[in-house]
Every structure is written in C-alpha cells, then in structure tokens.
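Peer 1: Sequence below, structure please.
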Amino acid sequence: MLRKNIFLLFLPRRSDINASEFELFDVDTENDPKQNNSCDCGVYTLVTSAQVALGEPVAVGPHDINNARDQIELALENFAQHLELD
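Peer 2: Numbers count the residues shown, from 1 in each chain. Reported below is the predicted structural model:
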C-alpha cells in the first residue's frame, strides 16, 4: 500500500490550501483498476476520482468503460447547458 495525500500535488499552485485539513487515504497499488488498452486512461481517472471523492470503493474495469463514457458525456452536456459563455 502506498500512502498519499493527493492534495499536496496542488499546493505549489494554491496558497489557500492547508494540507493539514485533508485526510490521508490508502492507495492499493496492487489491486487498483487497470485499463487493457492505451485509450481509456481519462475514463479510468475520472471514474476513480469520483469514487474516491464519494468515499466509495474504487472498482472499475474494462467492462464498465462504455457505461462510464456515456455517464461522463451526459454529465458534461448537463454542465454545458448551465454555462454562460460570452
């Protein structure tokens, strides 16, 4: 297990973040989700990030990718409808 505080990655860019406010969590590098190609890394990153943020177990695999892509597309379309661009 690798112990990381992912928020520390952003500290050089964000002076308003206090790292002591965040909890550490374990990253299981042996059993973490793995893609089986070279084009799904963004989907894995978004799904894994959402699961970590929601406190859910990280579980995503190749069989989940098409559904995840559809959900991401819907979320982005919904978000775009609420943007006010000049």
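Peer 1: Residue 35: how many residues sit nearby?
Peer 2: 16 (other C-beta atoms under 10 Å). Every C-beta, even on glycine, is put in place using the N, C-alpha and C of the backbone.
Peer 1: Now do the same contact list for it.
Peer 2: 41, 44, 62, 65 (C-beta atoms under 8 Å, 6 or more residues apart in numbering).
Peer 1: Give me the nearest residue to the first one, chain neighbours excluded.
Peer 2: On the basis of C-beta to C-beta, 6 or more residues apart in numbering, the spatially nearest residue to residue 41 that is not a chain neighbour turns out to be residue 35, at 6.2 Å.
Peer 1: Using the three-state scheme, assign the one you found.
Peer 2: coil (DSSP: H, G, I helix; E, B strand; the rest coil).
Peer 1: low-scoring stretches of this structure, by residue?
Peer 2: 1-15, 17, 19, 25-28, 85-86 (pLDDT under 70).
Peer 1: give me the element the most centrally placed residue in the chain is part of.
Peer 2: Taking C-alpha atoms, centre = their mean, the centroid of the chain lies closest to residue 49, which sits 1.8 Å from it. Using DSSP states H and E, residue 49 sits within helix 41-53.
Peer 1: From the contact counts, what lies against the helix or strand following that helix?
Peer 2: Per DSSP H and E, the first helix or strand lying C-terminal to helix 41-53 is helix 65-81. Packing contacts for helix 65-81, counted by 3 or more C-beta pairs under 8 Å, 6 or more residues apart in numbering; DSSP states H and E, involve helix 41-53.
Peer 1: So which residues make contact with the helix it packs on?
Peer 2: The contact list for helix 41-53 (C-beta under 8 Å, 6+ apart) reads 25, 32-33, 35, 57-60, 64-65, 68-69, 72.
Peer 1: In a markdown table: these, plus distance to residue 18.
Peer 2: Formatted as a markdown table, the contacts of helix 41-53 follow (distance: C-beta to C-beta, whole Å):
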| residue | distance to residue 18 |
| --- | --- |
| 25 | 17 |
| 32 | 28 |
| 33 | 30 |
| 35 | 34 |
| 57 | 28 |
| 58 | 26 |
| 59 | 31 |
| 60 | 31 |
| 64 | 35 |
| 65 | 36 |
| 68 | 33 |
| 69 | 36 |
| 72 | 31 |
